[in-house]
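Colleague: just need the structure, nothing else, for what follows:
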Amino acid sequence: MDRWTPRVTVAVVVERAGRYLMVEEDRGGPFSLFNQPAGHLERGERLTAAAERETREESAWQVAITDYLGLYVHRTPEGIVFHSHGFIGLALAHLGNPLDSGIRAAHWLTFDEVDDLDRANRLRSPVVMQRLRDARDGRHYPLGVIRDR
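Modeller: Sure thing, here's the model as predicted:
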């Protein structure tokens with residue numbers, strides 16, 4: 001039996017001094033796209049460990065995961081379904097490591113700058129802005145709501 005499974009990803013909203021950590025991705029189109037540090041869960045990896053790893057690899061920032069934003073389900077026009085676990089992270093240190101391939105740069109942007117990117121269709125998906133709004137509105141949960149043993 002062929003079983004359907006969604007793609008499991010993590011994403012981290014990191015705010016510092018009124019700015020949000022965003023990564024600029026080269027997706028092969030005419031314009032780069034912006035996203036929170038995000039990526040796929042690896043086999044055997046815990047969600048919070050994946051969130052910390054993806055943030056390190058894509059932005060060169062070490063973060064502590066502090067809260068859970070929730071599960072965001074996104075369906076692409078091609079029919080691919082992503083189950084993206086959103087987190088809030090606290091910036092601890094800039095590590096200076098090279099960024100993942102496909103990542104042009106990491107930026108600290110204001111909410112209004114990200115909103116402008118959204119209006120210009122420069123965000124990776126609609127989920128990016130929703131996670132940011134939820135974080136700003138205080139819609140988050142303690143990490144204990146995740147049973148990941």
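
Colleague: so what touches the helix ranked longest in the chain?
Modeller: Longest helix in the chain by number of residues, with DSSP state H as the criterion: helix 47-59. Identification of contacts with helix 47-59 by C-beta atoms under 8 Å, 6 or more residues apart in numbering yields 10-12, 14, 21, 23, 37-42, 45, 61-65, 85, 87, 89, 95, 97, 99-100, 103, 106, 143, 146, 148. C-beta: built from backbone N, CA, C; applies to glycine.

Colleague: could you rerun that using 6 Å?
Modeller: 10, 12, 21, 23, 37-39, 41, 61, 63, 65, 85, 87, 100, 103, 106, 148 (C-beta atoms under 6 Å, 6 or more residues apart in numbering).

Colleague: so for the helix or strand just after that helix, what's the average pLDDT?
Modeller: Downstream of helix 47-59, the first helix or strand assigned by DSSP states H and E is strand 61-75. Average pLDDT, strand 61-75: 97.

Colleague: list the buried ones in strand 61-75?
Modeller: Across strand 61-75, burial judged by 16 or more other C-beta atoms under 10 Å covers W61, Q62, V63, I65, D67, Y68, L69, G70, Y72, H74.

Colleague: what residue ranges in this structure score low on pLDDT?
Modeller: Applying pLDDT under 70 to the chain flags the ranges 149.
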